[in-house]
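In: Requesting a structural model of the entry that follows:
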Amino acid sequence: QVQLVESGGGLVQAGDSLRLSCAASGRPISGYTMGWFRQAPGKEREFVSAMGWSGGLIYYADSVKGRFTISRENAKNTVYLQMNSLKPEDTAVYYCAANSDHCTGYGCEIWSRYDYSGQGTQVTVSS
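Out: A predicted model of the protein is given here:
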């Protein structure tokens, strides 16, 4: 079992930055692809970003490409999502998730492919 706890969310203004953290426990995340998803009120959960276990494969949704950066510190069992130039449409609950089957490409964008996820952290961007 892997337990994931997200933190770093908050209320910011458009154009501001936030860094989300996802702290894992139970097992090392070094063998997992780690992803970030988000869900806005009244909308389906959507893929944001993912990073392969070695850090060599990185994926972003088109809506965040160039603004968000995913990173991981396996030694700290932690994954990060640096979010810059935030927009009101980035408002959502952000979830961290761990995938054990070494997904690639579109496979990493599918929520059901992830084995573990956290409770989420709220990000609210005001205009």
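In: how about the strands in this protein?
Out: With strands called from DSSP state E, the chain shows them at 3-7, 10-13, 18-25, 33-39, 46-51, 58-60, 68-73, 78-83, 92-99, 116-117, 121-126.
In: Which strands border the fourth one, and is each parallel or antiparallel?
Out: Take DSSP bridges as the rule and strand 33-39 pairs in its sheet with strand 46-51 (antiparallel), strand 92-99 (antiparallel).
In: how much does that strand deviate in direction from strand 78-83?
Out: 50 degrees (axes from the mean of the first three to the mean of the last three C-alpha atoms, to 10 degrees).
In: Now do strand 33-39: distance to the chain's middle.
Out: 4 Å (C-alpha atoms, centre = their mean, to the nearest Å).
In: do the same with the first one
Out: Its chain's C-alpha centre lies 10 Å from the corresponding centre of strand 3-7 when counted by C-alpha atoms, centre = their mean.
In: can you state the direction angle for it and strand 121-126?
Out: Using the same axes, to 10 degrees: strand 3-7 against strand 121-126 is 20 degrees.
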